[in-house]
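Asker: Coordinates for the following, if possible.
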Amino acid sequence: MLLGHQPILATQQADTIRFEAIAIGSLEIQAADGKAKTPRFEMTAYSGGPMALANFAYPVIADIAGMKTRGEDLPILRNHSQDRVVGHADQIEITEAGVRVRGLISGTGADAREVVEAASNGFPWKASIGASAGEVEFVDRGKSVRVNGQDFDGPIYVARTTEIGEVSFVASGADPSASARVAASMDQANDADSLAAYRETQAREEERIVAIREVCGQEHSEVAIQAIREGWTVDRTELHVLRASRPSVPFNVLGANRADSGLSEATCFEAQAFGLLGLDELCEQTLGERAAEVAASHRPASLIELSERLLAAQGVSVPRDRYEIARRAFDIRASGFSTLSVPTLLSNVMNKIAIESHREEGKTFEAWTRSRSVRDFKPATMLRANVDATLEEVGATGEVKHGTIGEETYSAQIKTYARQLALTRQDVINDDLGALETVPQEIGREAARALADLVYTTLLGNGGSFFSSGNANYLAGSSTALGLDSLTSAIALMRKQVDADGRVITMSPKTLLVPVELEAHARALLNSMEIQRATDDPGPTGNSLKGVVDTLAVEPRLSNTGYSGSSTVGWYLFAATSKNPFFVAYLNGRKAPTIEYSPSDFDTLGVRWRGYHDFGVSFGDPRAAVFFRGEAEA
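Answerer: Just a heads-up that it's a prediction; the model follows:
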C-alpha cells in the first residue's frame, strides 16, 4: 500500500491487496557512532492522510492503528529486489504521528556501496515501501469515518490492517514531489548540530502541514494538497480557502454557453489562465469579480490541463500524450488564431501583466509632458493654433473686424522598442511557467524606463537651444541655485512671456522638476509656512511661494552621470501640460507595450512572444518651460 501519495504498482488477490509505494517523507544517511563507521538511515514513511491509488475509484487511508511489520529487522533493498540487499531496519516507530523507520546500511555488496557513495556526493535517494493490506473497508457517500485522529467523508476506502514487509532505496518514485534528502554523508555523520538543525526543520514542516490540514478540513482537500506540495504558508492557505468558500459561478470547463453568468467563453478561459499563473487579484482588476471567481474555482493544475480544456472547447479531439497536447495547442499553422487558443489567451494575460507593470513604474515626466497620438512612423507634426482674437472697440458703423488663426508646429518621430520571449517545448511539457509572468513584467518596466530615458536624454541634451536667453527661459550663475529668490525669478520669467505681437500670454507655473539632491530643499520651499531670513533682512518671514507651484517631480536621471548634461544643481519649471512644454507621441495613442504571439521557425521547437512599444518625444513651446542652471556656466 502507498504510504504517501501515489503507488508504483498495485495488484489485487482474493484476500490481500498489495501495493509497492514510495514513502513520502524524509530520508537521512549518517555514519554510526564509534569506529565501525557503518552508515545509518532515517525516514518518515507515512503521516496518516488520504492517498490516490491505482485500481481504486476513491482515496485510500491506511489506519495507523492497524499497521504492523514483519519483525523489527526489516530488509532494506534496492528497487524491491530480494537479491540486492542494502541493509536492515533496527527501529520502527508506529505512532499517531505516522511511521518512522531507522536502521543500518549493513549490506556489503555493490548496491550498499553505491547508495552510500551516491548519498555522499549529494544524490537525492528516494525511499519506497512494500506493504500488504488485509482488511479494507469502504465508506459510502454521505457517511463519515474517523481514522488517524481525523474525520473523513465518504466515498473513501480505509485499510484497517496493513503489514510492512520491506523498504527499498530507489532513484525515482511515482510521486515527483516526494524526495528523500540526504542530510549528512559519512564524513559529516558526527556533526550533531547539523542533524539537530535538520530535525528541527522537519518538525517545522510537519507543523505547517498539520496547520494547513486544520485550515482546509475535508471541504477543501484539494487546496490542502496544493498548499502542502507548493510550500504555502498557513496565511496564504487561509486566503485561498476563503476565496474557494465564496459562491462560485457555474461553469463548464469544456466551453459551455456563458449567458447564465454574463461572461463570455473566452473570458472564462482567460480567467483560468490568470488562475494558472496565480494572478487572481490582477484577474479581478482587469476582468471583474465573476472572472476572479472562475480563476479561483476552476484553476488548471498545469498548462497541459488548460490546453486540454481549450482543445475540447474547440471541438478538437484531445490526445492522451502530453507532447501531442502541447503541439496541437500551440500549433497556430494548423488551427489558425482563435479567441480560445492557448497562444491568444496567454497573449491577452501577458498584455495585462505588462500594462500593469508599465503603470506601476514611476514616470515623473507625465507631470510636465503632453501626450499625442500619431498614425504612423513618419515625422509627425504637432500643431498648436495661434489665434489672434484681440477684442477691439466697435466703431459707429458697427463693423466687427476679423481675427486670424495661424499655427505653431512641433515635430516628433516615433520609433519601435522591442524584446522577444521564447517558451521552449520543454517549458510547455514541464509547466515551467515562470517566464510567462516575469518576462511581461520586465517588458512593461523596461518600456517605461526606455521612454523615460528618451525623455530625459532629450531634455538634458537641450537640442536646438530650447533653453536659451533668446527664448527668455534660461539663466545661469550662482544666483540661480535653487532658493526662494531664484524660484521667484523663474516664476517671473515664465509669467512675463509674450506672443509674437508682444502681448502677454499668461503662463503660470505648474511643475517644479529637480534632481534627487534638491528634493528636500524643494519640498521646504513649496510646503513651509515660514522662511527663515538673514538677521539683517527685515522682510516678512511668511513663505510667499507656498501653493504657487502645484507639483514637485523628483527625477534621478537629472543628476545621473550616465546622461550627458546631467547636474546635481540644475532645475526646471514647467507650465501646465496644456501649454505644450514637451510632447510624448505614441503610435495610435497606445501608452503601454504590446505583447503578441509569433509562431516559431520550423527548425525551432517551442513558441515565441514579442513585446514592443512605439513612441517618440519632442520639445514643445519654449515659453512653457524655464531652466536654471544652478551654477555658473563652465
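Asker: show me where the stretch 401-550 of the chain has helices.
Answerer: Listed from the start of the chain, the stretch 401-550 of the chain has helices (DSSP state H, counting those that start in this stretch) covering 425-430, 434-461, 484-495, 519-527.
Asker: Dump those into CSV; add mean neighbour count and mean pLDDT as well.
Answerer: Where you see a C-beta, it was placed from the backbone N, CA and C, and this is true even at glycine. What follows is these, written out as CSV (neighbours: other Cβ atoms under 10 Å; pLDDT from 0 to 100):
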stretch, mean neighbour count, mean pLDDT
helix 425-430, 16, 64
helix 434-461, 19, 85
helix 484-495, 17, 93
helix 519-527, 16, 90
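Asker: okay if I get these as TSV plus distance to residue 99?
Answerer: Supplementary listing: the helices of the stretch 401-550 of the chain in TSV, determined by distance: least, Cβ to Cβ, whole Å:
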stretch	distance to residue 99
helix 425-430	32
helix 434-461	36
helix 484-495	77
helix 519-527	63
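Asker: if I look at the residue lying closest to residue 625 once chain neighbours are set aside, how far off is residue 462?
Answerer: Distances taken as Cβ to Cβ, 6 or more residues apart in numbering place residue 581 nearest to residue 625, at 4.4 Å, with adjacent residues excluded. Residue 581 sits 13 Å away from residue 462, taking Cβ to Cβ, to the nearest Å as the criterion.
Asker: So for the two, which residue has more residues nearby?
Answerer: Looking at residue 581 and residue 462 with other Cβ atoms under 10 Å, you find the greater number of neighbours at residue 581, namely 27 against 15.
Asker: residues contacting that one?
Answerer: Taking Cβ atoms under 8 Å, 6 or more residues apart in numbering as the definition of contact, the neighbours of residue 581 are 368, 369, 370, 574, 575, 620, 621, 624, 625.
Asker: can you give me the end-to-end distance of stretch 554-570?
Answerer: 12 Å (Cα to Cα, to the nearest Å).
Asker: tell me which residues in that stretch are buried?
Answerer: With burial defined by 16 or more other Cβ atoms under 10 Å, the residues of stretch 554-570 counted as buried are 554, 555, 557, 558, 559, 563, 566, 567, 569, 570.
Asker: Name the nearest of the residues you listed relative to residue 632.
Answerer: Ranking the buried residues of stretch 554-570 by separation from residue 632, with Cβ to Cβ as the measure, puts residue 569 on top at 10.5 Å.
Asker: How about that closest one: what's its closest non-neighbour residue?
Answerer: Beyond its immediate neighbours in the sequence, the residue positioned closest to residue 569 (Cβ to Cβ, 6+ apart) is residue 630, lying 3.1 Å away.
Asker: Just to check, the one you found is in contact with residue 567?
Answerer: Yes. Because the distance of 6.5 Å satisfies Cβ atoms under 8 Å, residue 630 is recorded as touching residue 567.
Asker: which residues does the nearest residue to residue 614 once chain neighbours are set aside bridge with?
Answerer: By the measure of Cβ to Cβ, 6+ apart, the closest residue to residue 614 outside its immediate chain neighbours is residue 587, 3.6 Å from it. Each beta-bridge partner of residue 587 is listed here: residue 374, as defined by DSSP bridges.
Asker: burial of residue 587, as a residue count?
Answerer: Residue 587 has 20 neighbours, counted by other Cβ under 10 Å.
Asker: Now for the residue nearest the centre of the chain: which residues touch it?
Answerer: In the chain, the C-alpha nearest the mean C-alpha coordinate belongs to residue 437, at 5.0 Å (Cα atoms, centre = their mean). Contacts for residue 437 were tallied using Cβ under 8 Å, 6+ apart; they are 277, 279, 353.
Asker: any idea how far residue 279 is from it?
Answerer: Counting by Cβ to Cβ, the gap from residue 437 to residue 279 is 7 Å.
Asker: Common neighbours of those two, please.
Answerer: Contact criterion Cβ under 8 Å, 6+ apart; residues shared by residue 437 and residue 279: residue 353.
Asker: re the thing from before, the contacts of residue 437 in helices, which ones?
Answerer: residue 353 (DSSP state H).
Asker: Which one of the contacts of residue 437 is nearest to residue 96?
Answerer: Closest approach to residue 96 among the contacts of residue 437 (Cβ to Cβ): residue 277, at 39.0 Å.
Asker: ok but residue 618 is inside a helix, no?
Answerer: No. Secondary structure of residue 618, determined by DSSP: H, G, I helix; E, B strand; the rest coil: strand, with no helix assignment.
Asker: Quick check: it touching residue 580?
Answerer: No. Using Cβ under 8 Å as the test, residue 618 is too far from residue 580 to be in contact (9.9 Å).
Asker: What pLDDT is listed against residue 573?
Answerer: On pLDDT, residue 573 comes in at 97.
Asker: in the stretch 51-200 of the chain, which spans are helices?
Answerer: Taking DSSP H, counting those that start in this stretch, the helices of the stretch 51-200 of the chain run over residues 110-120, 192-216.
Asker: how about the residue nearest to residue 569, what does it touch?
Answerer: Under the contact definition (Cβ under 8 Å, 6+ apart), the residues listed for residue 630 are 480, 481, 482, 567, 569, 570, 571.
Asker: Distance-wise, check the last one relative to residue 630.
Answerer: Meaning residue 571. Counting by Cβ to Cβ, the gap between residue 571 and residue 630 amounts to 6 Å.
Asker: and for those two, which residues touch both?
Answerer: Joint contacts of residue 571 and residue 630 (Cβ under 8 Å, 6+ apart) are residue 482.
Asker: Distance of residue 468 relative to residue 633?
Answerer: Here the distance between residue 468 and residue 633 works out to 12 Å (Cβ to Cβ).
Asker: out of these two, which sits in the busier spot?
Answerer: Residue environment comparison for residue 468 versus residue 633 gives the larger neighbour count to residue 468, 13 against 6, counting by other Cβ under 10 Å.
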